[in-house]
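J.: coordinates only, sequence not included:
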C-alpha cells in the first residue's frame with residue numbers, strides 16, 4: 001500500500017488568449033487549468049495506486065479559486081485534496097516551504113510533481129520540497145517501476161535516457177511521455193463532489209508567514225511582440241537570392 005502525494009499548481013491556459021493590463025494578467029479574461037506536467041504526475045500516481053494499492057492525495061498552495069482544479073484531480077481519480085490557503089505572491093521557495101511543512105507529518109512513500117510549470121517554468125518546487133524533507137529525488141522521469149521499497153526510474157537527459165535505482169521515500173518530477181493522462185469521466189465527476197477537499201491555513205501546518213517572504217520580485221508582465229509577416233520569395237532561384245540579399249541589407253539591416 002502506497003501513500004502517494006501529488007503536488008499541483010493552477011496555471012493559465014497558454015492555449016487560450018491572455019490579456020495583460022497595466023503589467024498584470026487580466027484574470028477575469030483568462031482560463032485556468034491544472035498545469036499539464038502535473039497531469040502526468042496525477043496519472044502516474046493513479047496507475048501506481050491501481051497496481052500496488054494505496055491512496056492518492058493531491059495538494060496545492062493558493063486561493064479558493066484553486067478548488068476547481070483540485071476537484072478536477074478528484075474527478076480523475078484522486079482520493080483526497082488539500083488546499084493550503086495563501087493569498088500572497090508565490091515563488092518557488094515559498095511554495096516549497098509551505099508544501100514541505102505540510103508533507104513532513106504525512107509520511108508519504110512517493111511524492112509526484114510536474115517537471116515544470118507552463119507559466120514560470122522554473123522546475124524548482126519539487127526538488128526544493130525533497131531537499132527540505134531530506135529525501136532523494138529524480139527529475140524529468142519518463143518511466144517508473146516500484147518493487148517493494150526499490151524504485152527504478154528512467155529520466156530524460158536531453159535526448160538520451162538515464163536509468164537510476166533508488167529507494168522509497170522518494171520525490172519524482174514527471175516529464176512528458178511518462179504516460180497519457182486520463183480525462184475525468186462522468187461517474188468520476190459525480191464522485192468527486194463527495195470526496196474530501198480540506199482547506200488549511202498556514203497556522204494549521206505550523207508555518208510562520210514572516211519567515212517565508214519571496215526571494216524574487218516580479219517587475220512587470222508583458223506579452224511577447226507580435227511576429228512580423230513573413231516574405232515569400234518569387235521567381236527564379238537567382239532572382240530569389242538577389243531579393244533575399246536586398247531585404248537583409250535594406251530592410252532588416254543584418255548585413256552590410
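T.: Right, received. Where do you want to start? Quantities reported herein were computed from a predicted structural model and do not represent experimental measurements.

J.: For residue 84, name its beta-bridge partners.
T.: In this structure, residue 84 has the following beta-bridge partners (DSSP bridges): residue 61, residue 200.

J.: Wait, it touches residue 59, no?
T.: Yes: shown here, residue 84 and residue 59 form a contact pair, counting by CB atoms under 8 Å, at 7.1 Å. Using the backbone N, CA and C atoms, a C-beta is placed for each residue, glycine as well.

J.: So what would you say the end-to-end distance of stretch 113-131 is?
T.: Using CA to CA, to the nearest Å, the span of stretch 113-131 from its first residue to its last is 14 Å.

J.: if we can go back for a sec, determine the residues that are contacts of both of residue 84 and residue 59.
T.: When CB atoms under 8 Å, 6 or more residues apart in numbering defines a contact, the residues bordering residue 84 and residue 59 alike are 99, 102.

J.: domain parsing for this structure?
T.: With automatic domain parsing as the criterion, the domains of the chain are listed as 2-211, 225-256.

J.: Low-confidence bits of the chain, can you list those?
T.: 21-27, 256 (pLDDT under 70).

J.: Quick one: list the elements packing against the lengthiest helix in it.
T.: Within the chain, and with DSSP state H defining each element, the longest helix by residue count is helix 36-52. Identification of packing neighbours for helix 36-52 by 3 or more CB pairs under 8 Å, 6 or more residues apart in numbering; DSSP states H and E yields strand 2-7, strand 54-62, helix 67-76, strand 110-114, strand 137-147, strand 170-174.

J.: tell me what the one helix or strand residue 95 maps to is packed against?
T.: Secondary structure from DSSP states H and E places residue 95 in helix 92-103. In terms of contact count using 3+ CB pairs under 8 Å, 6+ apart, helix 92-103 is assigned the packing partners strand 54-62, strand 80-85, helix 125-133.

J.: what's the closest of the ones you listed to residue 179?
T.: With distances scored as CB to CB, the stretch of the helices and strands packed on helix 92-103 nearest to residue 179 is strand 54-62 (14.0 Å).

J.: what angle separates that closest one from strand 110-114?
T.: Orientation of strand 54-62 against strand 110-114 (axes from the mean of the first three to the mean of the last three CA atoms, to 10 degrees) gives an angle of 50 degrees.

J.: From the contact counts, what lies against strand 54-62?
T.: Applying 3+ CB pairs under 8 Å, 6+ apart, one finds that strand 54-62 makes contact with strand 2-7, helix 36-52, helix 67-76, strand 80-85, helix 92-103.

J.: which of the residues in that strand are buried?
T.: Judged by neighbour count (16 or more other CB atoms under 10 Å), strand 54-62 contains these buried residues: 54, 56, 57, 58, 59, 60, 61, 62.

J.: re earlier: now what about the helix holding residue 95, what contacts it?
T.: 5, 7, 9, 59, 61, 82, 84, 86, 88, 111, 120, 122, 124-125, 128-129, 132-133, 200, 202, 205-207, 211-215.

J.: count of residues packed around the nearest residue to residue 139 once chain neighbours are set aside?
T.: With CB to CB, 6 or more residues apart in numbering as the criterion, residue 139 has its nearest non-adjacent residue at 4.6 Å, and that residue is residue 173. By the other CB atoms under 10 Å criterion, the neighbourhood of residue 173 contains 27 residues.
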